[in-house]
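Asker: sequence first, predicted coordinates after that:
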Amino acid sequence: MKKCILSLTTSGHGVGCSLCIDGKIVGATTLERITRKKYDILLPITKMDLETFGWHGNPNMYQESIDLPFDLDADYRSLDFNDLESFQRLIDYVLSIGGVDIGDVDTVTYSYRYNENVKKYFAEKNRRIEFIVPEHHLSHACQAFLPSPFDEAAIMVVDGQGVPLARKGYDQLSGCLAYGKGNEIDLLWEFPVRQSLGGLYSCITKICGFKTNEECKTMGLASYGSMEYFDILRKEIKYDSYELDIRNILRLIRNGSIPEKQLYSFGQMNSLLRKYKPRAKDEPYSDMYKSIAQAGQKIAEEVVIYLANWLFEKTGSKNLCIAGGVGLNCVANYQVLSKTKFENIFIYPNAGDNGLPVGQALYAYTMLARNPRVYIASHDCLGKEYASEEVRNAVDAYRDKEEIRIVEFKNMQDLYNVMAQHIEAGSITSWWQGRSEYGPRALGNRSILADPRNKDMKDILNSRVKFREGFRPFTPSVLKERSREFFMLDIESPYMLLAPNVQPGKSEIVPAITHVDNTARVQTVDREINERYYNLIKAFERRTGVPILLNTSFNVAGEPIVETPEDAIKCFLSTDIDVLGIDHFFLSKIKSK
């Protein structure tokens, strides 16, 4: 029937969950928002997980190279998922968004750790549930295309790796190219894991001294590097060629199998990268590491541009949809838009594995059940809607604190004006409204906001609140209708997944959001999509003439983005943030004399 679909994914990137009712995604979140543990993967990596992932090397090697919890002595094959409180909390949270319970669910789509344990868990809860485990990269393709606004589109999926597939001789894949039309998706090409662009980028991320899941730091550092190492590594890339690695040579000798032609390969690049010693934790970012980051970024850009051009030639579509972890690389996405013949681009806002539950659910509803597409992702705010009374109770718990001033506004416009006044005056402000964002970007509902005109604001934010690397840029949230005036961008960028150049002469006006290479990770804000955030930016525009706010996620380094009203107030009080706008309330700190 597939009327009520609960979808989950557990991976090394985290745990995601979504709810699809009558073909529409009504709610979604990630486990880290519930447990307040950054990159919470639910269970430590075990030897059984390594088998699931298709990793057959020395287990200790993986433990030493991957910054995730490991327990190589644990055996979870008989684990009862009823004993995992956080797993139940995640499911309850998402079901509550749709106003349903587990008895209403007719389908569960799931991947890809402990499948049998999870299947048993749901069978005990509701024996009518159909349990489906979709293929990893097909789910990414569904995640890219099915929620897009396009009737037809080329599809590019590029990530680290999936799980071994029987139809591929139990090899893993690292992406695919496809074409979507209506409720159908046709696979055109698949990439083996040895051609993993996401894996290569992760390797370079480790060399630069960053941890697992911190590829965004590599992207920020890259702009400070030279092309020296790109010129060295680039020589290893081969396009439209045959791979003559040891595996293919043995197949040729044994059974005369001619190697398949590959769209690209990396040759001996991984061997070359092993020559570079990873940066130590407190070691400075030398020119070498900056330039290695630059090499990784430029390789990523070159490969995805090549793949996009191939897709355009094969499909003739003017529309391109992107998913997979590499889809979060906003610099590469913009290069695809500006250097190929595609006119329109859609990147699912939670493009990585944590967003897979959406692709899995829409796969079941649309492709398996043969239903028409009824859902278009116009926003990413899929978290729980907190009642006004819940917010009031959270605020009231602090009314007796002498260090806090609390004001309630009956008219939201008064709150916008006060917030804009504080931003203009140089305050670091925080903003909590409505439903939380599902993806990794704060899009105006869980944000720290500041004045983009202040050239020192990036350093002020880092020294007082964020405590993150100074080379990482902050986002401009700009009114949609004035975006072209400040940025070289002809289409909307609602999810911060495009990084165009700043228009000539504008970087002097908004230096705090202009990166060292004169780009900016733009978020365009539409009044029809997020009225409160739009109106706040509009209030700032009326005071300053600038239709932009500096936007960064409402959290501190090492913690997830805040979720609940209580999370927001605690973060506000435990940091050097000056004020908090939360629903109709305005909280400010009373400075001690």
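Answerer: The structure has been received and is ready for your questions.
Asker: output the below-cut-off pLDDT ranges for the protein.
Answerer: Along the chain, the parts satisfying pLDDT under 70 run over 1, 243-259, 592-593.
Asker: let me see the domain layout of it.
Answerer: 4-43+79-136, 193-347, 388-589 (automatic domain parsing).
Asker: can you say which of those is nearest to residue 160?
Answerer: Nearest of these to residue 160, taken as Cβ to Cβ: domain 193-347 at 3.7 Å. Heads up, the C-betas are built off the backbone N, CA and C, glycines and all.
Asker: buried residues in the helix ranked longest in the chain, which are they?
Answerer: Longest helix in the chain, counting residues (DSSP state H): helix 287-315. Using 16 or more other Cβ atoms under 10 Å as the test for burial, helix 287-315 gives 288-308, 310-312, 315.
Asker: got TSV for the domains of the chain, with distance to residue 155 too?
Answerer: Shown next, in TSV, are the domains of the chain (distance: least, Cβ to Cβ, whole Å):
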stretch	distance to residue 155
domain 4-43+79-136	14
domain 193-347	5
domain 388-589	16
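Asker: for residue 58, find the nearest of those domains.
Answerer: domain 193-347 (16.1 Å).
Asker: now do the end-to-end distance for the closest one.
Answerer: One end of domain 193-347 to the other measures 22 Å (Cα to Cα, to the nearest Å).
Asker: same question, stretch 505-524
Answerer: 20 Å.
Asker: cool, stretch 156-175 as well?
Answerer: End-to-end distance for stretch 156-175, by Cα to Cα: 8 Å.
Asker: and the contacts of it?
Answerer: For stretch 156-175, contacts defined as Cβ atoms under 8 Å, 6 or more residues apart in numbering pick out 52-54, 111-112, 135-137, 140-141, 144, 176-178, 190-193, 195-199, 202, 303-304, 307-308, 311, 320-327, 352-353.
Asker: which stretches in the stretch 1-150 of the chain count as helices?
Answerer: Using DSSP state H, counting those that start in this stretch, the helices of the stretch 1-150 of the chain run over 31-35, 47-53, 59-65, 85-98, 115-125, 136-145.
Asker: make CSV out of these and add distance to residue 441.
Answerer: Formatted as CSV, the helices of the stretch 1-150 of the chain follow (distance: least, Cβ to Cβ, whole Å):
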stretch, distance to residue 441
helix 31-35, 13
helix 47-53, 27
helix 59-65, 27
helix 85-98, 20
helix 115-125, 28
helix 136-145, 16
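Asker: just send the ones you listed back as TSV, with mean neighbour count and distance to residue 394 too.
Answerer: As requested, the helices of the stretch 1-150 of the chain are exported to TSV (neighbours: other Cβ atoms under 10 Å; distance: least, Cβ to Cβ, whole Å):
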stretch	mean neighbour count	distance to residue 394
helix 31-35	22	16
helix 47-53	18	38
helix 59-65	13	40
helix 85-98	18	17
helix 115-125	16	31
helix 136-145	29	33
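Asker: what's the closest of those helices to residue 459?
Answerer: helix 31-35 (27.8 Å).
Asker: who are the packing partners of the closest one?
Answerer: Using 3 or more Cβ pairs under 8 Å, 6 or more residues apart in numbering; DSSP states H and E, the elements in contact with helix 31-35 are strand 14-21, helix 85-98.
Asker: what does that helix contact?
Answerer: 14-17, 37-42, 86-87, 89-90, 93, 383, 436, 560-561, 563.
Asker: so residue 340 makes contact with residue 307?
Answerer: No. Contact criterion Cβ atoms under 8 Å: residue 340 and residue 307 do not qualify, at 9.6 Å.
Asker: circling back to that earlier point, of all the helices and strands packed on helix 31-35, which lies closest to residue 28?
Answerer: Nearest of the helices and strands packed on helix 31-35 (Cβ to Cβ): strand 14-21, 3.7 Å.
Asker: who does that closest one touch, helix- and strand-wise?
Answerer: strand 4-11, strand 24-30, helix 31-35, helix 85-98, helix 356-362.
Asker: partner strands of that strand and their direction?
Answerer: strand 4-11 (antiparallel), strand 24-30 (antiparallel) (DSSP bridges).
Asker: quote the end-to-end distance of stretch 262-282.
Answerer: Using Cα to Cα, the two ends of stretch 262-282 sit 40 Å apart.
Asker: buried residues in it?
Answerer: 262-267, 269, 273, 279.
Asker: try stretch 155-170
Answerer: The neighbour-count check on stretch 155-170 (16+ other Cβ under 10 Å) flags 155-165 as buried.
Asker: tabulate the residues you listed (JSON lines), appending distance to residue 233 and secondary structure.
Answerer: Output for the buried residues of stretch 155-170, formatted as JSON lines (distance: Cβ to Cβ, whole Å; DSSP: H, G, I helix; E, B strand; the rest coil):
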{"residue": "155", "distance to residue 233": "28", "secondary structure": "strand"}
{"residue": "156", "distance to residue 233": "22", "secondary structure": "strand"}
{"residue": "157", "distance to residue 233": "24", "secondary structure": "strand"}
{"residue": "158", "distance to residue 233": "18", "secondary structure": "strand"}
{"residue": "159", "distance to residue 233": "20", "secondary structure": "coil"}
{"residue": "160", "distance to residue 233": "18", "secondary structure": "coil"}
{"residue": "161", "distance to residue 233": "20", "secondary structure": "coil"}
{"residue": "162", "distance to residue 233": "25", "secondary structure": "coil"}
{"residue": "163", "distance to residue 233": "28", "secondary structure": "coil"}
{"residue": "164", "distance to residue 233": "28", "secondary structure": "coil"}
{"residue": "165", "distance to residue 233": "29", "secondary structure": "strand"}
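Asker: for those residues, give me CSV that also has distance to residue 527.
Answerer: CSV is the format used below for the buried residues of stretch 155-170 (distance: Cβ to Cβ, whole Å):
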residue, distance to residue 527
155, 30
156, 31
157, 33
158, 33
159, 34
160, 37
161, 41
162, 39
163, 43
164, 47
165, 45
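Asker: who touches the residue nearest to residue 369 when sequence neighbours are not counted in this structure?
Answerer: Among residues not flanking residue 369 along the chain, residue 2 sits closest, at 4.3 Å (Cβ to Cβ, 6 or more residues apart in numbering). Contact analysis of residue 2 by Cβ under 8 Å, 6+ apart lists 106-107, 130, 364-365, 368-369, 371.
Asker: go ahead and build a ChimeraX selection from the buried members of those residues.
Answerer: In ChimeraX syntax, the buried subset of the contacts of residue 2 is picked out as below (16+ other Cβ under 10 Å):
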select :106,107,364,365,371
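Asker: of the contacts of residue 2, which belong to strands?
Answerer: The members of the contacts of residue 2 that map onto strands under DSSP state E are 107, 130.
Asker: check the contacts of residue 2 and tell me the two furthest apart.
Answerer: 130 and 371 (14.8 Å).
Asker: okay, helices next: where are they in the stretch 251-400 of the chain?
Answerer: Using DSSP H, counting those that start in this stretch, helices in the stretch 251-400 of the chain cover 269-273, 287-315, 330-339, 356-362, 388-396.
Asker: do you know which of those helices lies nearest residue 508?
Answerer: For residue 508, the closest of those is helix 330-339, at 21.8 Å, according to Cβ to Cβ.
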